[in-house]
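*Asks:* Just a sequence and a predicted model for now, questions to come.
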Amino acid sequence: MVQDNRSRIERIVETNATFLRVLAGPGTGKTYALTRRVARLFRDGAAPERMLVCTFTRTAARDLETELSHLGVEGVDKINTGTIHSFCFHLLAQSDDLELTGRVPRALLSFEECFLLEDLKGMGFGGIRDRRKRLQVFNAAWARLQTDDPGWPQDPVDRTFQLILLGWLRFHEAMLIGELVPETLRYLRDNPLSPYRRAFDHVLVDEYQDLNRAEQVLLDLLAEGGTLTVIGDEDQSIYSFKYAHREGISQFAIFHPNTHDEDLIECRRCPHIIVEMANELIATNGNRESRTLRVRPENPEGEVYVLQWRSIEEEAGGIAEFIRTRLDAGDIEAGRILVLAPRRQFGYAT
């Protein structure tokens, strides 16, 4: 790790800023910086049960838990670590909110969602894609834009949709997973004396660019009595379909005065050619922070092949043969191979 990157991580670890934003590209050590910041807070006397460390996906949450356990700091197991949705489920289960509103904390299964969308057919909510899209914005507390205030729907069609949707869910004694965040946000807004609004001295969030506006506002409420650290990368925002906006992290300082900014730009994971190609692609986006990902000199050069086949079947066979050749030569382990395809048919062809 070059001295410049090391000094950046040291500043991330040591700052006492109320609001800290870290813009970190892939493979730059953001998880390392986050866990070391947690260790430093411990060192300075922070109570682990008054810390919330969360991220968007279960996989990322498990990785965070593993990294924190490796710190070797007594009491680290008492930190509230997990996804935002798991935290919301716990909060709602501990309160009387669900019982008072007649809701049952049973997650709606994926196949049941298909029946839900079918039952909403012919009610003026458009085709299947329109209904699914409206369901996503319901899960985002009706905040379609980063500038929207999540809460009660303003559009008459949205209000009708919510009324019918909630009736369907109550009848089937279920909740949408995405509904947990808007429900928790509503609960905390309606209960300003709730102990959860003062439960944490430090809130740390990974992959902040993947959060929608409702999730961001919820974290602001949870952090209003302490510090808020967010880490992410606007160039890796891939959840726009659930109304996650890259502006959430790129404009963080606008909504959080006196934000302390740091960035991590040395990629320790990717080959040179991959970083070069990524920088060329990202540079075409003019609406972003001005920074360029650097590659560690000792990283491998890497290889990129651009090939074309006449059919999906030939392509699948060609890629399979390429992988077999590399495996037979001992160039790589099977567990380190990932094949991505834009269509399911490609997977069937293999």
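*Replies:* Done, it's in.
*Asks:* From here on, just use CA atoms for contacts and neighbour counts.
*Replies:* Noted.
*Asks:* so what are the domain limits for the chain?
*Replies:* When the chain is parsed with automatic domain parsing, its domains come out as 3-88+184-269, 108-179, 305-349.
*Asks:* burial measure for residue 121, as a count.
*Replies:* If you count neighbours by other C-alpha atoms under 10 Å, residue 121 ends up with 14.
*Asks:* wait, what's in contact with it?
*Replies:* Applying C-alpha atoms under 8 Å, 6 or more residues apart in numbering to residue 121 gives the contacts 127, 128.
*Asks:* What values do phi and psi take at it?
*Replies:* Here is the backbone geometry of residue 121 (degrees, to the nearest 10): phi -70, psi 140.
*Asks:* Same check on residue 328?
*Replies:* Phi and psi for residue 328, reported as degrees, to the nearest 10, are phi -60, psi -30.
*Asks:* and of the domains of the chain, who's closest to residue 296?
*Replies:* domain 3-88+184-269 (5.6 Å; C-alpha to C-alpha).
*Asks:* where exactly do the strands run in the protein?
*Replies:* Counting by DSSP state E, residue ranges of the strands within the chain are 19-24, 51-55, 80-83, 202-205, 227-232, 260-264, 266-267, 294-295.
*Asks:* Can I get these in TSV including mean neighbour count, mean pLDDT and distance to residue 8?
*Replies:* Output for the strands of the chain, formatted as TSV (neighbours: other C-alpha atoms under 10 Å; pLDDT from 0 to 100; distance: least, C-alpha to C-alpha, whole Å):
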stretch	mean neighbour count	mean pLDDT	distance to residue 8
strand 19-24	23	96	10
strand 51-55	25	91	21
strand 80-83	20	89	25
strand 202-205	23	96	18
strand 227-232	22	96	13
strand 260-264	19	94	7
strand 266-267	23	92	10
strand 294-295	20	91	14
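*Asks:* just to revisit the earlier point, can you tell which of the domains of the chain is closest to residue 292?
*Replies:* domain 3-88+184-269 (6.8 Å).
*Asks:* next one: that closest one to chain centre, how far?
*Replies:* Its chain's C-alpha centre and that of domain 3-88+184-269 lie 10 Å apart, by C-alpha atoms, centre = their mean, to the nearest Å.
*Asks:* Any idea how many residues pack against residue 124?
*Replies:* A total of 11 residues lie near residue 124 under the criterion other C-alpha under 10 Å.
*Asks:* scratch that, residue 128
*Replies:* Neighbourhood size, residue 128 [other C-alpha under 10 Å]: 14.
*Asks:* can you check residue 255 too?
*Replies:* Residues near residue 255, counting by other C-alpha under 10 Å, number 9.
*Asks:* measure it to residue 175 for me?
*Replies:* 31 Å (C-alpha to C-alpha, to the nearest Å).
*Asks:* Next: residue 210.
*Replies:* For residue 210, the distance to residue 175 equals 22 Å [C-alpha to C-alpha].
*Asks:* Looking only at neighbour counts, state which of those two leads.
*Replies:* residue 210 (27 against 19).
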